[in-house]
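*Asks:* Sequence and predicted structure are below.
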Amino acid sequence: MASVVPQIAAPSLHLPFQVLLHLHAHLTPFAIIGQIGCFLLKFRLLYPTYRATLLALHFVSVLVQIVRPFLGFHGNLKGRIPSLSGFWILSALHLPTLLFLGLNSDIRPLPLEQFFFSIDCAFTAVELLIATVLIRRLANKQMEMISKMMAEETKKEGTNG
């Protein structure tokens, strides 16, 4: 008895996305250390409102930078649309935060901080674009598989009935 579900030969891997995630993941520890160090250096110079806001933004930013690569790797290597969509949403929400932290002159961004935020922003923007294409490609591939399965099923029902 043949299986109704077609077997997938290999996971859907998008190499440029994987390389970009790999490089970004290796840059992240240095960016986090630089981000925290610069925040501690300028902490006393900031207004209390900015202190509280930046503390929350840096905390959320560090959490997002830790979770995002995991979702990207998992979604890319296993061909999982939900993981890639989670990666895409986190990236889309993280990009304005990076722009605020790197470009707002009221929070007195230091040169090292601006460097890390600009590189992180560039990586995130390119990852967003590539992830969009990859999600669309995976969705089309899965829709084709489902339509083939449905066609085979109706064909079998037509010959049996």
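*Replies:* Cool, the structure landed.
*Asks:* Using CSV, list the CA coordinates for stretch 150-161.
*Replies:* Output of stretch 150-161 as CSV, limited to C-alpha atoms (Å, rounded to 0.1, in the frame of the first residue of the first chain):
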residue,chain,number,x,y,z
MET,A,150,-5.6,16.3,-3.5
ALA,A,151,-5.3,15.5,-7.2
GLU,A,152,-3.9,12.0,-6.4
GLU,A,153,-6.7,11.5,-3.8
THR,A,154,-9.5,12.4,-6.2
LYS,A,155,-7.9,10.3,-8.9
LYS,A,156,-7.8,7.2,-6.6
GLU,A,157,-11.4,7.9,-5.5
GLY,A,158,-12.4,8.1,-9.2
THR,A,159,-10.9,4.7,-10.0
ASN,A,160,-12.2,3.0,-6.9
GLY,A,161,-15.7,4.4,-7.0
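*Asks:* got the contact list for stretch 54-70?
*Replies:* If you take C-beta atoms under 8 Å, 6 or more residues apart in numbering as the criterion, stretch 54-70 is touched by 21, 24-25, 28, 31-32, 35-36, 39, 46, 87, 90-91, 93-94, 97-98, 100-101, 107, 120. (Glycine included, C-beta is placed from N, CA and C.)
*Asks:* Go again with 6 Å.
*Replies:* Applying C-beta atoms under 6 Å, 6 or more residues apart in numbering, the contact partners of stretch 54-70 are 21, 25, 28, 32, 39, 87, 90, 94, 97.
*Asks:* out of the residues you listed, who has the most neighbours?
*Replies:* Highest neighbour count within these: Phe87, with 28 neighbours (other C-beta atoms under 10 Å).
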